[in-house]
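Asker: Just a sequence and a predicted model for now, questions to come.
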Amino acid sequence: MHVYYSLRQLHKGYYHKLLCHGVLSCLVVVLSGLMAPHLS
């Protein structure tokens with residue numbers, strides 16, 4: 001049970017990083033998508 005808990009904590013940190021990275025990636029994609037029509 002203790003191993004499971006520590007694994008969950010590890011996953012929590014991993015998913016948090018993944019989520020932050022994903023949000024940043026989405027922002028970049030959305031921003032470039034908004035800028036593309038203006039540039040062309």
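Answerer: Great, that's in hand.
Asker: mind listing what the most centrally placed residue in the chain touches?
Answerer: Centroid-nearest residue in the chain: residue 22, 2.2 Å away (criterion: C-alpha atoms, centre = their mean). Contact analysis of residue 22 by C-beta atoms under 8 Å, 6 or more residues apart in numbering lists nothing. In short, each C-beta sits where N, CA and C put it, glycine included.
Asker: Mind pulling up the pLDDT for it?
Answerer: With respect to pLDDT, residue 22 has a value of 93.
Asker: do the same with residue 25
Answerer: Reading off the confidence values, residue 25 has pLDDT 95.
Asker: Please tell me how far it sits from residue 37.
Answerer: Noted for residue 25: a distance of 20 Å to residue 37, by C-beta to C-beta, to the nearest Å.
Asker: And the two? Which one has more around it.
Answerer: The neighbour comparison of residue 25 against residue 37 (other C-beta atoms under 10 Å) goes to residue 25, with 10 against 7.
Asker: what's the neighbour count on residue 5?
Answerer: 9.
Asker: And whatever helix or strand it lives in, what's buried?
Answerer: Taking DSSP states H and E as the criterion, the element that holds residue 5 is helix 2-39. By 16 or more other C-beta atoms under 10 Å, helix 2-39 has no buried positions at all.
Asker: Could you give the separation of it from the chain centroid?
Answerer: 0 Å (C-alpha atoms, centre = their mean, to the nearest Å).
Asker: What of stretch 33-40?
Answerer: In terms of C-alpha atoms, centre = their mean, the centre of stretch 33-40 is found 24 Å from the chain centre.
Asker: CA atoms only for that stretch, dumped as CSV, please.
Answerer: Taking C-alpha atoms only, stretch 33-40 is exported to CSV below (Å, rounded to 0.1, in the frame of the first residue of the first chain):
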residue,chain,number,x,y,z
GLY,A,33,-3.3,29.5,-35.4
LEU,A,34,-4.6,33.0,-34.7
MET,A,35,-1.5,34.7,-36.1
ALA,A,36,-1.3,32.6,-39.3
PRO,A,37,-4.3,34.2,-41.1
HIS,A,38,-2.9,37.7,-40.4
LEU,A,39,0.6,36.8,-41.7
SER,A,40,-0.6,35.2,-44.9
